[in-house]
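S.K.: Mind looking at a prediction? Sequence and model below.
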Amino acid sequence: MTRLRSLAFSAAVIVAIIAIGAICFSVRHELFLPARHSPTIAVSLAMESDRIPVGQKPLAISTVRNIGSYNWVRSRDPANYRIHIEGESGEPPKTDVKITGSPVDLYDYLPPDMSRTMTWYLSAFYDLNAPGKYTVYFEIQEKPGVWLRTNTVQFEMLAKAQ
């Protein structure tokens, strides 16, 4: 009986060591996977309107959704966002306005299955006074060095009526 108990105890210890090792490996391995293999957030972009008269402000709406199992925590540092606009003649001129804010001690906590939406007046960052068709996408930093790109959306700046 003692030998049987000793074997059962040894087997239980071996199973526990294997289980702990597997958990540690999966956690360590996950840290090195690119975001596209194990995303924690989904990002998307929409326009309030796809046809905007010149002189009005085109409003973009970015959404970040936590599709992971844990709270997504990141600094509200404006450097976590990049805006890219292309027109029929290439990138329109940028304005002097930069994405600004106070990144110190301000964090977003986004629980699983929750979304955070932000609105952006694109004319604050680009000169959009020329009529024509434009495309826009954002890049949002998921974690240091990992940028996720939103979908690309189109909008048109309409010439002023004469």
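M.R.: Cool, got the structure.
S.K.: any low-confidence regions in this protein?
M.R.: Flagging of the chain using pLDDT under 70 yields the residue ranges 1, 3-39, 76, 97-107, 162.
S.K.: How is it partitioned into domains?
M.R.: As assigned by automatic domain parsing, the chain contains the domains 1-32, 41-158.
S.K.: Out of those, which is the most enclosed?
M.R.: Ranked by mean neighbour count, those are led by domain 41-158 with a mean of 15 (mean count of other Cβ atoms under 10 Å). C-beta coordinates here come from the backbone N, C-alpha and C atoms, glycine included.
S.K.: in the chain, which spans are strands?
M.R.: Using DSSP state E, the strands of the chain run over 41-47, 51-53, 59-66, 72-75, 81-87, 107-110, 115-121, 132-143, 146-149, 153-158.
S.K.: Which strands or helices does the longest one pack on?
M.R.: Okay, so that is strand 132-143. Packing partners of strand 132-143 (3 or more Cβ pairs under 8 Å, 6 or more residues apart in numbering; DSSP states H and E): strand 41-47, strand 59-66, strand 72-75, strand 81-87, strand 146-149, strand 153-158.
S.K.: same question, the fourth one
M.R.: The contact analysis (3+ Cβ pairs under 8 Å, 6+ apart) places strand 72-75 against strand 107-110, strand 132-143.
S.K.: what does the second one give?
M.R.: If you count contacts as 3+ Cβ pairs under 8 Å, 6+ apart, strand 51-53 packs onto strand 153-158.
S.K.: Can I get the strand it packs on in CSV? Just the C-alpha atoms.
M.R.: The C-alpha trace of strand 153-158 is given here as CSV (Å, rounded to 0.1, in the frame of the first residue of the first chain):
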residue,chain,number,x,y,z
VAL,A,153,-13.1,55.0,-45.1
GLN,A,154,-13.9,57.4,-47.9
PHE,A,155,-15.5,60.8,-47.8
GLU,A,156,-16.0,63.6,-50.2
MET,A,157,-15.5,67.4,-49.7
LEU,A,158,-18.2,69.1,-51.8
